[in-house]
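Engineer: predicted model, plus sequence, below.
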Amino acid sequence: MDVRRLRLLLELSRLGSMHEVAAELGTTTSTVSQGIAALARDAGTALVEPHGRRVRLTPAGARLAEHAVTILAAIEAARVDLDPAAEPHGVVRVAGFASAIRRSLLPAIDDLSATCPGVEVRISEYEPPEAVDLLSRDDVDLVLTYDYNLAPASWRSEHQVVELWESPWGLGVPAGGTGRELSAYAAHPWIVNSRHTADEEVLRILSSMSGFTPTIAHRIDSLELVDDLIVAQHGVALLPLNRPTHPGVTVLPLREPRVSLRAYALTRRGRDRWPPLRAVLERLAASVR
């Protein structure tokens, strides 16, 4: 059914006269009459009947007018929701890794609560492969992901990528360790991420350059648990340099080559025109500046 014809029927139910409908909508009585007749053909039943010198809605016409209220309201809500100039209003689903959620997303949410109260952000913690898969299925609107300078991610043509920040990484070893180079820990067991392979790829590149093959003993997602394993002398691992660690852990800088984690905001191309998502992205970008 044509939405414009539903509007004619709704106005007729409210005003009771095709002439008044025409005046209200800035058209002609003939156009209103033809529109109602076409709508009746679409519906397969009469929608109006003579009533003196005027017309009135049939029971079927009255029922369709009731539906028109809901239909037109839903269409208007969708128009406002998608209008780039509209006040942001809606739920933005975000999947991301813990560090970016803490460092970038939580401050953005705090600002949104004060400036865009109509925007609600729902957070799920995922590692990059899982989060990007959710984005490809439209199960989330925004992904906070990362790669390393020595293991760059491959983005798809559908992805729109905004770089957020970069964090230097080093070698996490027990406090008081005497070795200052990666090769000094060649015989140690190593700890890598359990849900993403990027840090393992970086480790294998670095160890190859240092002339050894690492023994991967543990696969751990939580950095706090990695700290505990290092303190307990169960392994060593790559860790952020600028993150507070356990007092029993020392993070040694890596040079030649340096290692850095790079955080990104990832969306599907063109989706950032949706006002709620654009509001979140703007605040993420502002936090970087």
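Structural biologist: Nice, I can see it.

Engineer: report the separation between residue 16 and residue 56.
Structural biologist: Relative to residue 56, residue 16 is positioned 7 Å away (CB to CB, to the nearest Å). Where C-beta positions appear, they are placed from N, C-alpha and C, glycine not excepted.

Engineer: residue 131 touches residue 141, doesn't it?
Structural biologist: No - in this structure, residue 131 is not within contact of residue 141 by CB atoms under 8 Å, at 11.4 Å.

Engineer: low-confidence ranges in the stretch 1-150 of the chain?
Structural biologist: Under the criterion pLDDT under 70, the flagged ranges of the stretch 1-150 of the chain are 80-86.

Engineer: which residues in it form strands?
Structural biologist: If DSSP state E, counting those that start in this stretch is used as the criterion, the strands of the stretch 1-150 of the chain fall at 48-51, 54-57, 90-96, 119-125, 142-148.

Engineer: those: which one's closest to residue 103?
Structural biologist: Each of the strands of the stretch 1-150 of the chain has some distance to residue 103 by CB to CB; the shortest is strand 142-148, at 9.4 Å.

Engineer: give me the distance from the closest one to the chain's centre.
Structural biologist: Here strand 142-148 is found 11 Å from its chain centre; the criterion is CA atoms, centre = their mean, to the nearest Å.

Engineer: ok, now stretch 188-205?
Structural biologist: 27 Å.

Engineer: pLDDT (mean, whole number) over it?
Structural biologist: With pLDDT averaged residue by residue, stretch 188-205 scores 96.

Engineer: measure that stretch end to end?
Structural biologist: 17 Å (CA to CA, to the nearest Å).

Engineer: same question for stretch 186-193.
Structural biologist: End-to-end distance for stretch 186-193: 18 Å, by CA to CA.

Engineer: for it, buried residues please.
Structural biologist: Buried positions in stretch 186-193, judged by neighbour count with 16 or more other CB atoms under 10 Å: 186, 188, 189, 190, 191, 192, 193.

Engineer: not counting sequence-adjacent ones, nearest residue to the second one?
Structural biologist: In space, and not counting its chain neighbours, residue 188 is closest to residue 236: 5.0 Å by CB to CB, 6 or more residues apart in numbering.

Engineer: also the third one?
Structural biologist: By the measure of CB to CB, 6+ apart, the closest residue to residue 189 outside its immediate chain neighbours is residue 217, 3.3 Å from it.

Engineer: looking at the chain, which strand is longest?
Structural biologist: Among the segments of the chain that qualify as a strand by DSSP state E, the longest is strand 159-174.

Engineer: neighbouring strands for the next helix or strand after that strand, and are they parallel or not?
Structural biologist: Using DSSP states H and E, the helix or strand that follows strand 159-174 towards the C-terminus is strand 189-192. Using DSSP bridges, the strands paired with strand 189-192 are strand 215-219 (parallel), strand 236-240 (parallel).

Engineer: save the ones you listed as JSON lines, and put in distance to residue 256, mean neighbour count and mean pLDDT too.
Structural biologist: Converted to JSON lines, the strands paired with strand 189-192 look like this (distance: least, CB to CB, whole Å; neighbours: other CB atoms under 10 Å; pLDDT from 0 to 100):
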{"stretch": "strand 215-219", "distance to residue 256": "23", "mean neighbour count": "13", "mean pLDDT": "97"}
{"stretch": "strand 236-240", "distance to residue 256": "15", "mean neighbour count": "23", "mean pLDDT": "96"}
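
Engineer: between those strands, which one is closest to residue 25.
Structural biologist: Across these, residue 25 has its closest neighbour in strand 236-240 (62.8 Å, CB to CB).

Engineer: now the angle from the closest one to strand 159-174?
Structural biologist: Relative orientation of strand 236-240 and strand 159-174, computed by axes from the mean of the first three to the mean of the last three CA atoms, to 10 degrees: 130 degrees.

Engineer: after strand 236-240, which helix or strand is next?
Structural biologist: Using DSSP H and E, the next helix or strand after strand 236-240 towards the C-terminus is strand 249-253.
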